Every structure is written in structure tokens, then in C-alpha cells.
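Chemist: Here is a sequence together with a model predicted from it:
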Amino acid sequence: MFQFSNNNIIFQDKGNIQYLQFQKLLKYGIKHGYTLKGENLDFSQNSEYEKSSYAGISKALEIDEKTLVKPIQTHTSTIKVIDQVMPSEQLQEVDGLITNQSNLALTTKNADCILFLFYDPVQKVIANVHSGWKGTFQKIAEKTVVKMINYYQCKPSNIICCICPSIRKCHFEVDEDVKDLCSEIFRFTNRLEEFIEVGEIKEGKTKYMIDTVLINQILLKNLGLKEENIIDCGICSVCNQDKIHSARVEGTNFKRATAIITL
């Protein structure tokens, strides 16, 4: 059952647009949000409703739409440091954004993939990162923290990471080739049995369930983020398909949500 609010998140309803916010970021006054399903809402690039969707969430969050930075995501581990508004055409194959500028609103979008919202309250730095399983296997969340350290002298112990709704282990079913790749990359954690589980046999092939959220939590803790600063909303996009977009559920013409964060 979909939980509108819990200890980590709060549900917001602004009439024609609904979204989630993280309690911890609100305590610091950080404007942000993760959009839920809604009529005529779709943040997919060049979709019929893209422009009006961004206008709607910008109004709800009281963000100037002209400050939105929207990368063209292609499941890379490329993270761009942003110091001014840039058109999407200049952000080709970019899946992570970082800034310390207060007049920029960083966006990502998803439909099953993980979106991470980072904030360092000491150095006043934010990041917004898209990480599907390919991004997770390329350790984009870890690379984001390293970039925050190198560019802005952030300390991992100060960084807050909020994890938006995404597909979870209960539904992220893969074949043996992806399982083997996962095992090879993350064997060093000595925790494979925690995030890889044997699933059902379908059409003579054994399936496997992978917990990409847990993998990222392990990587971030290993970098020095505090457990209490890694805040997971705990929402599976497939389990809550009535409220959350899921490419696996919706098929070829799936719609996308967006996550936005600004200082």
C-alpha cells in the first residue's frame, strides 16, 4: 500500500500536481520535490506535456522555471558541475548535476531508475543524480560524492543523500548475465548475498532479483556518509504503480517523473 507520508517523506498536493518531499531537506529550507503520477503530467523529453509539466511543478515549488537545468540522460556515469543555466543540448549524455549556485534548479527524471538528491549543508552544495542499474554498476552516486569533495571540499560526513521512489529488489528481475556482472563489480563488498537473490525459473531460465538501492547505500557508507544521512523513501515504483511511473509496468510509451532540487 502506498504510504503518502512517513518519518522520511511528506506528501504534497497542489491541486493539479502531487509530489513528495524529504523531511530532512525541508528542515534546511531546501526547495525540492519528486512528482507523482497525474493527469497530463509527463516529464519525458519532447513529450506532449513536458513544457506544461515543468511549469506546474515549478509553480508548486515556487521556483523560477527559467532556472531549471535539464540534462539529457543516457545511463552514463557523467556528472556535470553547473554554474549557470544551460540548455539541454549542452548536457547530452549527462546523468548527474552538481552546483553551489543558488539561482539554479537541478532536475533529473525517471520511471523505475533511482534519483538521488544530495545536499551538503556546510558547503552549501547540491547534486541531482539519475542512476538506473547501468549507472549503479558504474557507481555514479559514489562518483558524485567524490566530485563534491574534489570541487567544493565537501566532507562525506556532512553530506545528506535522499533516495527517491524507484524499482526495488522485489521487482527488479534480471537474467544471469546482469547478475554475473553485478557479482563481478561488487564482490569487494562481501555482501553479495544481501543484494542478489535467486528468483523464479521462467522459460527454463533462472531469474535473479537485485537490490540496487542497497548497493548504493553500501557504496555511500563506504565513502563516509553517515547512515542517518542516507535517507530512503522506501517506495517501490512497481508496487505503487498507481502513483509512481514504472517503465516495466507501462511498457514502451511509459511516462516519466522528475526530481528537482535548488538551494
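Modeler: Sure thing, it's come through. Residues are numbered from 1 along each chain as shown.
Chemist: hang on, Asp64 packs against Ser58?
Modeler: Yes: here Asp64 reaches Ser58: they are 7.1 Å apart, a contact under Cβ atoms under 8 Å. For glycine as for every other residue, the C-beta is placed from the backbone atoms N, C-alpha and C.
Chemist: between these two, which one's more packed in?
Modeler: A direct count of neighbours by other Cβ atoms under 10 Å for Asp64 and Ser58 places Ser58 higher, at 20 against 12.
Chemist: How much space separates the residue nearest to that one when sequence neighbours are not counted from Tyr28?
Modeler: Nearest-residue entry for Ser58: Glu65, 4.2 Å, with adjacent residues in sequence omitted and distances by Cβ to Cβ, 6 or more residues apart in numbering. Noted for Glu65: a distance of 23 Å to Tyr28, by Cβ to Cβ, to the nearest Å.
Chemist: again, but for Glu142
Modeler: Taking Cβ to Cβ as the measure, Glu142 falls 23 Å from Tyr28.
Chemist: The two - which one has more neighbours?
Modeler: Using other Cβ under 10 Å as the criterion, Glu142 and Tyr28 rank with Glu142 on top: 19 against 12.
Chemist: Name every strand pairing with the lowest-mean-pLDDT helix or strand in the chain and say which way it goes.
Modeler: Every helix and strand of the chain was ranked by mean pLDDT, DSSP states H and E. The lowest is strand 9-13, at a mean of 95. Strand 9-13 pairs in its sheet with strand 18-22 (antiparallel), by DSSP bridges.
Chemist: What's the end-to-end length of stretch 239-259?
Modeler: This stretch, stretch 239-259, spans 19 Å end to end (Cα to Cα, to the nearest Å).
Chemist: typo on my end, it should be stretch 217-230
Modeler: Criterion Cα to Cα; first-to-last residue distance in stretch 217-230 is 7 Å.
Chemist: what about it, distance to the chain center?
Modeler: 16 Å (Cα atoms, centre = their mean, to the nearest Å).
Chemist: For that stretch, list every residue counted as buried.
Modeler: 217-220, 223, 225, 229-230 (16 or more other Cβ atoms under 10 Å).
Chemist: And for stretch 149-168?
Modeler: Under the neighbour-count criterion of 16+ other Cβ under 10 Å, stretch 149-168 has 149, 152, 154, 156, 158-168 buried.
Chemist: Tell me the one of these nearest Lys205?
Modeler: Nearest to Lys205, judged by Cβ to Cβ, of those is Ile167 at 19.8 Å.
Chemist: And the pLDDT at that closest one?
Modeler: On pLDDT, Ile167 comes in at 98.
Chemist: Please tell me I have it right and it contacts Cys239.
Modeler: No: at 9.1 Å, Ile167 does not count as touching Cys239 under the criterion of Cβ under 8 Å.
Chemist: related to what we said a few turns ago, for Lys80, state which of the buried residues of stretch 149-168 is nearest.
Modeler: Closest to Lys80 out of the buried residues of stretch 149-168 is Tyr152 (14.0 Å), distances taken as Cβ to Cβ.
Chemist: Just the pLDDT at that closest one, thanks.
Modeler: Tyr152 is assigned a pLDDT of 98 by the prediction.
Chemist: what sits against it?
Modeler: 98, 100, 120, 123, 125 (Cβ atoms under 8 Å, 6 or more residues apart in numbering).
Chemist: now swap in Gln241 and tell me
Modeler: 249-250.
Chemist: Please repeat the previous calculation with a cut-off of 6 Å.
Modeler: Going by Cβ atoms under 6 Å, 6 or more residues apart in numbering, Gln241 touches Val249.
Chemist: ditto for the one 4 residues further on
Modeler: Shown here is His245, whose contacts under the criterion Cβ under 6 Å, 6+ apart are 111, 255-257.
Chemist: any idea which element it lies in?
Modeler: Assigned by DSSP states H and E, His245 belongs to no helix or strand.
Chemist: which one is it nearest to, not counting chain neighbours?
Modeler: Closest residue to His245 apart from its sequence neighbours, by Cβ to Cβ, 6+ apart: Ala111 at 4.1 Å.
Chemist: surely that neighbour meets Phe254?
Modeler: Yes: using Cβ atoms under 6 Å, Ala111 makes contact with Phe254 at a distance of 4.9 Å.
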